[in-house]
Every structure is written in C-alpha cells, then in structure tokens.
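**Student:** Quick one, structure for this:
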Amino acid sequence: MDKLLNNHHVEEARLFAVLLTFCGGFLDAFTYIQCGHTLAAAQTGNIVFLSAALVNHNVIGIVDRCGAILLYIIGIVVAISFEARLKYWRTFCLIPILLIGAFIGAMPEDFPTYLSVGLVSFGLALLNTAFSKIEGLGYSSVFTTGNIKKFVVAWTEYGYHHHRADLIIGFDYFLIVVAFTVGAISSAVIQPFLRMKTIWVAVLVILVTDVIYYFQKRRATP
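**Tutor:** Numbering: from 1, shown residues only. Below you'll find the predicted structure:
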C-alpha cells in the first residue's frame with residue numbers, strides 16, 4: 001500500500017493517479033457515445049471535430065464543440081483560483097464533477113448535448129489541473145497521447161541504458177495508460193445497460209478518491 005500512497009506529496013500518489021485517470025477515460029467514452037460524439041476532455045479531438053462541423057454546416061456540432069472547449073478553459077481558470085484561495089483546494093476541485101455527474105445521470109437521453117458535454121468538460125478541467133503529477137512526473141488524467149509517448153520513451157531509454165529510474169518511470173506511465181484504457185472500455189460496456197446513469201460509476205470512484213485524498217492530506221499536514 002505504501003507504493004500506492006505518497007505521504008510527502010499526497011496528491012502525487014499512484015493510487016489517485018490511477019483512479020482519476022480511470023475516470024478520465026470513462027467520462028471521455030461516456031460523452032463520446034452518449035453525447036453526440038463529442039469528447040469532454042480531449043480538446044485536440046474537439047478542434048478537429050469542430051473543423052468538420054464547420055465544413056458541413058453542422059450547427060449543433062459547432063455549438064457542442066465550442067461549448068466543450070470554452071468550458072474546459074473556464075474550468076482551468078477556476079481551478080487556479082481555488083489554488084490561490086483555498087487550503088484543501090484539490091478537494092474542492094473534485095466537487096464540481098461530482099455534482100455535474102450526479103445531475104447528468106438523472107437526465108433523460110435527449111438532454112441537450114451542449115449542456116452535458118460542456119459541464120463534464122468544465123468538471124474534468126478542474127480535476128486535470130488539480131491532479132497532474134504521479135510521483136513527481138507530469139501526466140494527464142483525462143487524455144492519454146502524451147502518457148503513451150512518455151512510457152514508450154522511458155522504457156526505450158531503459159533498453160539502451162539500463163537505468164532503473166527509467167524502468168520505474170515507464171511503469172508509472174504504463175499504469176496511467178492502462179487505467180485510461182480500462183476506464184474507456186468499462187464505460188462503453190456499461191452504457192448499453194445504464195445509459196445516462198453510467199456516469200454515476202465515475203461519480204462514485206471520484207467521490208471515494210476525494211474522501212481518501214482529504215483524509216490523507218489532513219494526516220500529512222502539520
């Protein structure tokens with residue numbers, strides 16, 4: 001258990017990185033499947049989809065993608081504001097996605113996608129800003145292209161130089177990639193049965209993560 005938790009830098013613990021990255025993949029798959037093929041967090045994809053929507057004069061697609069991008073930016077600003085003003089700011093950064101997820105899960109399937117995706121984008125922006133390191137290494141919990149690159153680079157470096165540090169770094173990033181992938185697959189498998197309520201699975205995982213983080217942080221704070 002000591003390898004999963006970090007008593008000196010609680011927010012960088014492997015446990016939180018894995019759980020939150022699972023939820024990042026889970027929620028991206030949820031919005032893509034349930035909400036008009038729009039990604040809540042992967043704004044690179046949304047910009048590509050936005051360009052396609054513009055070319056095809058797809059007004060709904062334009063609104064959905066613009067809303068997701070704008071609210072993601074606002075979420076980052078709010079997270080930084082929390083950091084400047086609140087002691088346990090990371091705990092507060094997870095509250096919006098909990099409330100948003102609980103609300104969206106109770107909505108019918110015809111709930112406007114520009115609202116559902118935008119709100120999830122806002123919540124994930126706070127989550128991603130608050131938890132961005134695993135054992136001192138930068139990572140993303142809500143999209144995974146960079147994480148894949150980093151784990152491949154680290155293991156390739158280990159293959160050439162046999163430095164144990166590269167092996168450990170590669171393993172941490174491998175954990176992150178697996179967590180994101182399992183989260184996305186789990187979401188896709190569950191959605192035919194639970195539909196909009198699928199999001200409540202991520203809400204539960206994030207709630208547990210937030211509670212554990214809060215008590216770990218309090219115990220580690222003098």
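**Student:** where's residue 159, which helix or strand?
**Tutor:** helix 145-161 (DSSP states H and E).
**Student:** And the contacts of that helix?
**Tutor:** By Cβ atoms under 8 Å, 6 or more residues apart in numbering, the residues outside helix 145-161 that reach it are 21, 44, 137, 139-140, 163-164, 166-167, 169-174, 176-177, 180. Quick note: C-beta positions are derived from backbone N, CA and C, even for glycine.
**Student:** and what of stretch 103-115?
**Tutor:** With Cβ under 8 Å, 6+ apart, stretch 103-115 has contacts from 34-36, 38, 60, 63-64, 67, 116, 119-120, 195-200, 203.
**Student:** can you rerun that using 7 Å?
**Tutor:** 35-36, 38, 63-64, 67, 116, 119, 195-197, 199-200, 203 (Cβ atoms under 7 Å, 6 or more residues apart in numbering).
**Student:** Show me how to select, in ChimeraX, the buried members of these.
**Tutor:** Of the contacts of stretch 103-115, the buried ones can be selected in ChimeraX as follows, counting by 16 or more other Cβ atoms under 10 Å:
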select :35,36,38,63,64,67,116,119,196,199,200,203
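**Student:** Let's see which of the contacts of stretch 103-115 end up in helices.
**Tutor:** Counting by DSSP state H, the contacts of stretch 103-115 place 63-64, 67, 116, 119, 199-200, 203 in helices.
**Student:** Show me which of the residues you listed is closest to residue 144.
**Tutor:** Distance to residue 144, by Cβ to Cβ, is smallest for residue 199 among these, at 19.6 Å.
**Student:** what's near enough to touch that closest one?
**Tutor:** Here residue 199 is in contact with 30, 101, 104-105 (Cβ under 7 Å, 6+ apart).
**Student:** counting contacts, what elements does the worst-scoring helix or strand of the chain on mean pLDDT pack onto?
**Tutor:** Every helix and strand in the chain was compared by mean pLDDT, DSSP states H and E; the lowest is helix 43-55, with a mean of 88. Helix 43-55 is packed against helix 59-85, with contacts defined by 3 or more Cβ pairs under 7 Å, 6 or more residues apart in numbering; DSSP states H and E.
**Student:** now for the helix it packs on, which elements pack on it?
**Tutor:** helix 43-55, helix 89-105, helix 113-130.
**Student:** Between helix 43-55 and the helix holding residue 159, find me the angle.
**Tutor:** 130 degrees (axes from the mean of the first three to the mean of the last three Cα atoms, to 10 degrees).
**Student:** in helix 145-161, what's buried?
**Tutor:** Under 16+ other Cβ under 10 Å, the buried positions of helix 145-161 are 147, 150-151, 154-155, 157-158.
**Student:** How about stretch 102-112?
**Tutor:** By neighbour count on 16+ other Cβ under 10 Å, the buried set for stretch 102-112 is 104-105.
**Student:** Next: stretch 119-136.
**Tutor:** 119-132, 134.
**Student:** contact partners of it?
**Tutor:** Stretch 119-136 is contacted by residues 6, 11-12, 14, 16-17, 20, 24, 27, 31, 40-41, 68, 71-72, 74-76, 78-80, 90, 93-94, 96-97, 100, 104, 138-142, 172, 176 when judged by Cβ under 7 Å, 6+ apart.
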